[in-house]
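# Quick check, what structure comes out for this input:
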Amino acid sequence: SEHLTTAFGAEAADFVNRHQTEPWFLYLAFNAPHTPHEPTQERLERFASIENPVRRAYAAQVSLMDDAIGVALDALRTTGQDQNTLVFFFSDNGGPASKNGSSNSPLRGEKGEVYEGGVRVPFVVKWPAKLPGGGTFKLPVSSLDVFATSLSAAGAEMPKDRKYDSVNLIPY
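Purely as a prediction, here's the structure:
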């Protein structure tokens with residue numbers, strides 16, 4: 001049977017292929033590399049040089065997720081949607097180093113803590129037709145900012161029914 005991580009990537013690619021002629025929104029949230037780590041045997045063998053079995057399983061899961069993301073991004077390229085699609089990539093928290101062998105180094109702390117190792121994670125935005133590539137934004141951003149940024153990209157106004165903790169990142 002297909003690994004769930006692989007299935008998520010394939011389903012995302014299928015969604016992109018099915019929606020080539022209309023605006024769409026896709027939220028692709030992987031459960032990998034969360035525990036329990038159940039990578040394929042092939043992936044474990046690929047990382048056989050990692051002696052710690054917990055760290056090896058974690059690396060195998062991350063590589064499965066990386067490839068599944070690649071399948072989804074390849075679908076954007078092959079359907080000609082990659083230039084005009086706004087893509088966000090980020091994690092929800094730092095790794096739980098004491099539980100799965102992840103490393104937040106050189107940051108202090110881990111998942112569940114408010115030190116940088118618990119909250120500072122990669123946050124990548126890609127929209128080749130509208131945003132210059134290769135830049136770095138030095139101020140803190142949050143997953144909450146996806147809301148205002150996505151609305152702006154779609155040409156929609158922020159709701160005015162309350163104050164939202166979301167910033168449109170496109171100007172930055």
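
# And for the lowest-mean-pLDDT helix or strand in the chain, what's in contact with it?
When the helices and strands of the chain are scored by mean pLDDT, DSSP states H and E, helix 97-100 comes last with a mean of 83. By CB atoms under 8 Å, 6 or more residues apart in numbering, the residues outside helix 97-100 that reach it are Pro33, Thr35, His37, Val54, Arg55, Ala57, Tyr58, Ser103, Asn104, Glu110, Gly117. Backbone N, C-alpha and C define where each C-beta goes, glycine included.

# now with 7 Å?
With CB atoms under 7 Å, 6 or more residues apart in numbering as the contact definition, helix 97-100 has outside contacts at Thr35, His37, Val54, Tyr58, Ser103, Asn104, Glu110.

# Can you tell me, leaving aside adjacent residues, what's nearest to the last one?
Read it as Glu110. In space, and not counting its chain neighbours, Glu110 is closest to Ala97: 4.6 Å by CB to CB, 6 or more residues apart in numbering.

# so where do the helices sit in the chain?
4-18, 41-46, 53-78, 97-100, 116-119, 145-153 (DSSP state H).

# Worst mean pLDDT among those?
Ranked by mean pLDDT, those end with helix 97-100 at the bottom, a mean of 83.

# Quick one: distance of that one to the chain centre.
How far helix 97-100 lies from its chain's middle: 20 Å, per CA atoms, centre = their mean, to the nearest Å.

# Would you mark the buried spots in it?
Residues Ala97, Asn100 are the ones in helix 97-100 that count as buried (16 or more other CB atoms under 10 Å).

# And for stretch 130-142?
Buried, per 16+ other CB under 10 Å, within stretch 130-142: Val141.

# start to end distance for it?
Stretch 130-142 has an end-to-end distance of 21 Å (criterion: CA to CA, to the nearest Å).

# Need the residues that contact that stretch.
Phe123, Val125, Leu169, Tyr172.

# roughly how far apart are the last one and Phe123?
If I follow you right, that is Tyr172. Distance, Tyr172 to Phe123, using CB to CB, to the nearest Å: 12 Å.

# Pick out whichever of the two has more residues nearby.
Between Tyr172 and Phe123, Phe123 has the larger neighbour count (other CB atoms under 10 Å), namely 17 against 14.
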